[in-house]
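**Student:** the sequence isn't on hand, but the structure is:
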Ligand SMILES: [Mg+2]
């Protein structure tokens, strides 16, 4: 392991991936309430972080409440919100033009961009930015318009690059598959914000107002959740309630700081260093 696990007592905030960590499908995983209570009792904050860009924070809160997990909208960061905040930051701090955005996406993404002060357009020639993510109702016309916008010079930005997402029917096309189509059609590569890219983690740290060394990222997928957090200096924990196996976490290079069977096991490990 890269660092002494005893250093974990310095952790002030925890980022939880959602699917495979907090719930699987519509079923909550054991120990969520106890884990959040333990963090509160030790003066720590938390944020749920998901690459899912289809929902608004309020819709995430509603979905979690159906599983008896009760959080505030500001305690959930989806990649739609992260992408919109990131783009607003580029405008405010790095001199990017505050121009109209053409969107391939759903409410989660459109509302997030509007809340961050961006005007939306459907005119390929008027768009300064082309922001794309999952859209379960996409049409050929929308694909055509976003392709034309990118070809016309709109800066191409993606919410996340997950090629598939899990469903009862099996893996279905995810945001990354839509980005792949737009890339093939436009000849341009997107700048992607969602995990494992740094944009998402930076927005999460800003939301918690903590530095990387004060934050633990908990995830079930090494490639999505853990691999991008390690180079930024976050503490990392892999849990075995989702995609990656213990062997995959152990043999990854570098491995996460902790590997836990589930959330109760993770909290027992945190208690040992507190
Ligand atoms: Mg997951």
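**Tutor:** Yep, that arrived. Every value quoted in this text rests on a predicted model; they were computed, and no experiment measured them. Numbers count the residues shown, from 1 in each chain.
**Student:** can you get me a residue count around residue 214?
**Tutor:** When counting by other Cβ atoms under 10 Å, one arrives at 18 neighbours for residue 214. Where you see a C-beta, it was placed from the backbone N, CA and C, and this is true even at glycine.
**Student:** same check on the one 5 residues further on?
**Tutor:** The local packing of residue 219 (other Cβ under 10 Å) involves 30 other residues.
**Student:** bridged to it, which residues?
**Tutor:** residue 238 (DSSP bridges).
**Student:** show me the helices in this structure, by range?
**Tutor:** 32-41, 57-66, 79-94, 107-115, 140-151, 175-186, 198-208, 246-251, 263-273 (DSSP state H).
**Student:** near the ion, which residues of the stretch 101-250 of the chain?
**Tutor:** The stretch 101-250 of the chain comes close to the ion at residues 220, 242, as judged by Cβ under 5 Å from the ion.
**Student:** quick check, the residue in the stretch 101-250 of the chain closest to the ion?
**Tutor:** Using Cβ to the ion, the single residue of the stretch 101-250 of the chain nearest to the ion is residue 220, 4.4 Å away.
**Student:** grab the nearest non-local neighbour of that residue.
**Tutor:** Across the structure, with Cβ to Cβ, 6 or more residues apart in numbering as the measure, the residue nearest residue 220 apart from its sequence neighbours is residue 242 (2.6 Å).
**Student:** quick one: contacts for the one you found?
**Tutor:** For residue 242, the contacting residues are 17, 19, 20, 21, 24, 219, 220, 221, taking Cβ atoms under 8 Å, 6 or more residues apart in numbering as the criterion.
**Student:** need the contact list for the fifth one.
**Tutor:** Applying Cβ under 8 Å, 6+ apart, one finds that residue 24 lies in contact with 241, 242.
**Student:** and the helix or strand of the chain at the bottom of the mean pLDDT ranking, which strands flank it?
**Tutor:** Sorted by mean pLDDT, DSSP states H and E, the helices and strands of the chain end with strand 164-165, the least confident at a mean of 87. Each strand pairing with strand 164-165, determined using DSSP bridges, is listed with its direction: strand 172-173 (antiparallel).
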